[in-house]
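Chemist: show me how the following folds:
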Amino acid sequence: MNIYVIMKRTFDTEEKLTVRNGQINEDGAEFIINPYDEYAIEEAITLRDANSGEVTVVTIGGEESQKELRTALAMGCDKAVLINTEDDLEEGDQYTTARILAQYFKKQKVDIILGGNVAIDGGSGQVGPRLAELLDIAYVTTITKLEVNGETVIVTRDVEGDSEVIETSFPLLVTAQQGLNEPRYPSLPGIMKAKKKPLEELELDDLDLEEDEVEPKTKTIEIYLPPKKEAGKVLQGDLADQVKELVTLLRTEAKVI
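Modeler: Take a look at the predicted model:
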């Protein structure tokens, strides 16, 4: 089975982040594998172990993304591919990412592609569906269970607090939701093995792509932190007086009635 994982390098949101000139300041920021992509990596490894085959993890970025790729290899992936756009693109969006990935995958024999449901930095959830549409393959998002029986795939997906069960077939793209599995930590032997596993580096030229073919369709105008929340108020007195005060505050301060 030819199993692929699309992975993104993201900010570690559990560490301190600062915004400068309308952009997240990368100086001193910590980077990690997008947590939802970790579910995809774990599921890909489980699929391989149960059905044989090979897991290849793919990302788009610069040389610094090798660190996260090596982490994925240490978790158990077999190969890694870095599509290096550092010298070709100053900026991109979901269209850019999907277009580049589609060009790569069109030259591969694919049974299944797994990715995270969303990236914690942007949260749009667009890349997976966009990629599947460009490849003209079936896709299922926000999955919480995946079963393979020959050429038949049974997928359970999260639907706003409920579940939906879908039967489909390969080739297929799925995006992982929290609850699909519990991602493993890289072991010391895994880290040592990862150093010897293949990591291929490609550029846009290798994919027969020109810069103007992957220009972003959108532009980020500004990034800003949410306003600081004020301390709550504790109402005192009789219940009737509290209700009157609450209504007054909702009208004059919260301005919701």
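
Chemist: wait, residue 92 sits on residue 213?
Modeler: No - if you go by CB atoms under 8 Å, residue 92 and residue 213 don't touch, sitting 11.8 Å apart. (C-beta placed from N, C-alpha, C; glycine too.)

Chemist: which one of the two has more residues nearby?
Modeler: Between residue 92 and residue 213, counting by other CB atoms under 10 Å, residue 92 is the more crowded of the two (18 against 13).

Chemist: find the nearest non-adjacent residue to that one, please.
Modeler: Nearest in space to residue 92, with sequence neighbours left out and distances taken as CB to CB, 6 or more residues apart in numbering, is residue 216 at 5.2 Å.

Chemist: and the biggest helix by length in the chain, what does it pack onto?
Modeler: Ranked by residue count under DSSP state H, the longest helix found in the chain is helix 35-51. Applying 3 or more CB pairs under 8 Å, 6 or more residues apart in numbering; DSSP states H and E, one finds that helix 35-51 makes contact with strand 2-6, strand 54-61, helix 66-75, strand 112-116, strand 138-149, strand 172-176.

Chemist: can I get that helix in PDB, CA atoms only?
Modeler: C-alpha atoms of helix 35-51 as PDB (Å, rounded to 0.1, in the frame of the first residue of the first chain):
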ATOM      1  CA  PRO A  35      -0.800  18.400  16.100                       C
ATOM      2  CA  TYR A  36      -3.600  17.200  13.800                       C
ATOM      3  CA  ASP A  37      -1.000  16.000  11.400                       C
ATOM      4  CA  GLU A  38       0.400  13.800  14.200                       C
ATOM      5  CA  TYR A  39      -2.900  11.900  14.200                       C
ATOM      6  CA  ALA A  40      -2.500  11.400  10.400                       C
ATOM      7  CA  ILE A  41       1.100  10.100  10.900                       C
ATOM      8  CA  GLU A  42       0.100   7.700  13.600                       C
ATOM      9  CA  GLU A  43      -2.800   6.400  11.500                       C
ATOM     10  CA  ALA A  44      -0.600   6.000   8.400                       C
ATOM     11  CA  ILE A  45       2.000   3.900  10.400                       C
ATOM     12  CA  THR A  46      -0.900   1.800  11.800                       C
ATOM     13  CA  LEU A  47      -2.200   1.200   8.300                       C
ATOM     14  CA  ARG A  48       1.200   0.200   7.000                       C
ATOM     15  CA  ASP A  49       1.800  -2.200   9.800                       C
ATOM     16  CA  ALA A  50      -1.600  -3.900   9.200                       C
ATOM     17  CA  ASN A  51      -1.500  -4.000   5.400                       C
END
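
Chemist: got the angle between it and strand 172-176?
Modeler: Here the directions of helix 35-51 and strand 172-176 differ by 130 degrees (axes from the mean of the first three to the mean of the last three CA atoms, to 10 degrees).

Chemist: residues in contact with the spatially closest residue to residue 156 that is not a sequence neighbour?
Modeler: Leaving aside its chain neighbours, residue 156 sits nearest to residue 145 (3.7 Å; criterion: CB to CB, 6+ apart). In this structure, residue 145 makes contact with 154-156, 180, judged by CB atoms under 8 Å, 6 or more residues apart in numbering.

Chemist: that older thread, most tightly packed of the helices and strands packed on helix 35-51?
Modeler: Comparing these by mean neighbour count (mean count of other CB atoms under 10 Å), strand 112-116 ranks first with a mean of 28.

Chemist: after it comes which helix or strand?
Modeler: With elements assigned by DSSP states H and E, the helix or strand that comes after strand 112-116 is helix 127-135.

Chemist: understood, closing this out.
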